[in-house]
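requesting a structural model of the entry that follows:
(3 chains)
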Amino acid sequence: MSDSRTPLYAISVAADLAETSIQNLRSYERHGLVEPGRTEGGTRRYSDHDVTQLLHIRSLLDQGLNIAGVQRVLRLEAEVAGLRASLLRDDAGPADSASGARDSR
DNA sequence: CTTCTGACA
DNA sequence: TGTCAGAA
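Numbers count the residues shown, from 1 in each chain, chains lettered A, B, ... in the order given. Down below sits the predicted model:
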């Protein structure tokens, strides 16, 4: 499977893809909006999924949301993604439907 | 490339 | 508060 979470781009490339500055990307990482992988040298490595998330973050920020709001949306989207995954996981029907949203931090 | 500090709207 | 800019 092509993992969309495989580290591909450096921070400069991710900044160009996300149409933002390197400093901003580091700010987002500091606020926990994104968690890019780290290479041996300690350089960040942004994956395709991270870039998509970055574009989403910029969209949310442009819409008037702040870092806290963006983090909230990101968390909710991650939660809905997990819920959707467990929903259409198998047609047999999830025996324990309770295993969806357990800890919402 | 990384981190920190400072300044601006 | 978020973004930009420079320095080590």
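
alpha carbons only for contacts and neighbour counts from here, please
Noted.

got the buried residues for stretch A:66-86?
Applying a neighbour-count criterion of 16 or more other C-alpha atoms under 10 Å, one finds A:I67, A:V70, A:Q71, A:V73, A:L74, A:E79, A:L83 buried in stretch A:66-86.

nearest to DNA strand B, of those?
A:I67 (13.8 Å; C-alpha to the nearest atom of the strand).

who are the contact partners of the residue of chain A found nearest DNA strand C?
Per C-alpha to the nearest atom of the strand, A:I67 is where chain A lies closest to DNA strand C, at 3.0 Å. Listed by C-alpha atoms under 8 Å, 6 or more residues apart in numbering, the contact set of A:I67 reads A:Y28, A:H31, A:L33, A:L61.

could those be laid out in CSV, adding secondary structure?
As requested, these are exported to CSV (DSSP: H, G, I helix; E, B strand; the rest coil):
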residue, secondary structure
A:Y28, helix
A:H31, coil
A:L33, coil
A:L61, helix
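
farthest pair in those residues?
A:H31 and A:L61 (13.3 Å; C-alpha to C-alpha).

that older thread, now the buried members of the contacts of A:I67.
Buried, going by 16+ other C-alpha under 10 Å: A:Y28, A:L33, out of the contacts of A:I67.

so for A:D90, what's the pLDDT?
Looking at A:D90, its pLDDT is 71.

ok, A:H31 next?
94.
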